[in-house]
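Trainee: sequence-free structure coming up:
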């Protein structure tokens, strides 16, 4: 299990990125384009104690993701279940298959999942 400590919470990814003082100087315009696109489906965003920024993306299921402004990666590894405990976010070991059946299972059970 992975545990993240929440420093602060925001309604949008853009607010969280500003609060974290994340360095976007590599290509600030591109970074803000990506942030605006994600914010259309962002439920909440968080700055962690280690200054990383994470957000909940709402699609057919809710997915908890780390924001990396200049990197993205797709993989077929299993989903982890995400839970909140006071000011901590706990991410389980990957246990839900990343396929149609796994997505249906996560949705039917109201799980917030992460794909790490």
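Mentor: Okay, I see it. The model shown is predicted, which means the values in this text are computed figures rather than measured ones.
Trainee: what element comes up after the longest strand seen in the chain heading to the C-terminus?
Mentor: Ranked by residue count and defined by DSSP state E, the top strand of the chain is strand 2-10. Toward the C-terminus, strand 2-10 is succeeded by helix 13-20 as the next helix or strand (DSSP states H and E).
Trainee: just checking, what packs against that next one?
Mentor: With contacts taken as 3 or more C-beta pairs under 8 Å, 6 or more residues apart in numbering; DSSP states H and E, helix 13-20 sits against strand 2-10, helix 28-39, strand 42-48, strand 53-58. In short, each C-beta sits where N, CA and C put it, glycine included.
Trainee: can the ones you listed go into JSON lines with extra columns for mean neighbour count?
Mentor: Converted to JSON lines, these look like this (neighbours: other C-beta atoms under 10 Å):
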{"stretch": "strand 2-10", "mean neighbour count": "14"}
{"stretch": "helix 28-39", "mean neighbour count": "14"}
{"stretch": "strand 42-48", "mean neighbour count": "21"}
{"stretch": "strand 53-58", "mean neighbour count": "19"}
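Trainee: mind putting those in TSV, distance to residue 83 and mean pLDDT included?
Mentor: Shown next, in TSV, are the helices and strands packed on helix 13-20 (distance: least, C-beta to C-beta, whole Å; pLDDT from 0 to 100):
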stretch	distance to residue 83	mean pLDDT
strand 2-10	10	97
helix 28-39	22	97
strand 42-48	14	98
strand 53-58	13	98
